[in-house]
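Peer 1: How does the following fold in three dimensions:
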Amino acid sequence: MNILAIDTSNQVMGIAILKDGLLAGEYTTNAKKNHSVRLMPAIDQLMKETEMTPDQLDRIVVAKGPGSYTGVRIGLTTAKTMAWALNIPVAGISSLKALALQAQSSEASICPFFDARRGLVYTGLYKKDEDGNLTLVENEVNILFSEWLEKLADRQEQEKVVFLSPDIELHRQAIQDHMKDLAIIPDLVSHYPRAGYLAEAGAMEKTEQVHALTPEYLRLVEAEAKWLEQQGKN
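Peer 2: As a prediction, the model looks like this:
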């Protein structure tokens, strides 16, 4: 199977190509630049380097959020447009799960998170099941990180948790204060999602109708929230 994977849901921009089921190429940057300007040129370049053409693709996989509202929309719009034009299926995978895949070999629970400002994070809790598949064991939420850490520390299992985040340094001390020796914080490179893992997971993911694939924001866009608030007042 030939797959193009796209992740622009946060600051890291990643793309990967699986060719005949093998990772043929991968591109990752962690730069504060506009994904909308760089994404298609990066896809085009990776296609050339892996000697692939769009008509050879069997599937497109995209990280569908949560994360940056603009970043999520860029990735989904690109993936859906390409899938529609090529008449191939598309699969959306949670951006948190895409990050959790970095530690999928761990026997511990895995807590991926993205900073959402004002003390909030997007997060969830994953763990391998009996078949070795990464499974959600605590639903993905937008929550105060202090509240989330208290919840993890109070879980009956009292098991170790791997924490993964591009924003790990913002929250390292809070994690250590709440979780103590239950916290596992890997080395720096593990905190940035790789599109190669996304592509691999996407090969097994259920596909969706192109126009049915929607972003997973976990909270309302600020403009929408204000509009709803205003409608309530009226």
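Peer 1: For the protein, which residues score under the pLDDT cut-off?
Peer 2: Scanning the chain for pLDDT under 70 picks out the ranges 220-234.
Peer 1: At which residues are the helices of it located?
Peer 2: Using DSSP state H, the helices assigned to the chain run over residues 35-49, 69-86, 95-100, 145-153, 168-179, 195-202, 222-233.
Peer 1: May I see those organised as a markdown table, with mean neighbour count added?
Peer 2: C-beta coordinates here come from the backbone N, C-alpha and C atoms, glycine included. Formatted as a markdown table, the entries for the helices of the chain read as follows, by neighbours: other Cβ atoms under 10 Å:
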| stretch | mean neighbour count |
| --- | --- |
| helix 35-49 | 15 |
| helix 69-86 | 19 |
| helix 95-100 | 29 |
| helix 145-153 | 17 |
| helix 168-179 | 15 |
| helix 195-202 | 24 |
| helix 222-233 | 10 |
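Peer 1: so which of those helices comes closest to residue 213?
Peer 2: Minimum separation from residue 213 across those (Cβ to Cβ) falls at helix 69-86, 6.0 Å.
Peer 1: Centroid-nearest residue for the protein?
Peer 2: A centroid search over the chain (Cα atoms, centre = their mean) returns residue 95, at 1.5 Å, as the residue closest to the centre.
Peer 1: Need the contact partners of the longest strand along the chain.
Peer 2: As assigned by DSSP state E, the longest strand anywhere in the chain is strand 134-144. Outside of strand 134-144, the residues within contact range by Cβ atoms under 8 Å, 6 or more residues apart in numbering are 66, 94, 96-97, 100-101, 104, 109-110, 116, 119-129, 148, 151, 201, 216, 218-219.
Peer 1: Please give me every residue in contact with the residue lying closest to residue 90 once chain neighbours are set aside.
Peer 2: Once flanking residues are discounted, residue 90 sits nearest to residue 83: 3.9 Å by Cβ to Cβ, 6 or more residues apart in numbering. Shown in contact with residue 83 (Cβ under 8 Å, 6+ apart): 60, 89, 90, 210.
Peer 1: If anything else comes up later, I'll come back, but that's it for now.
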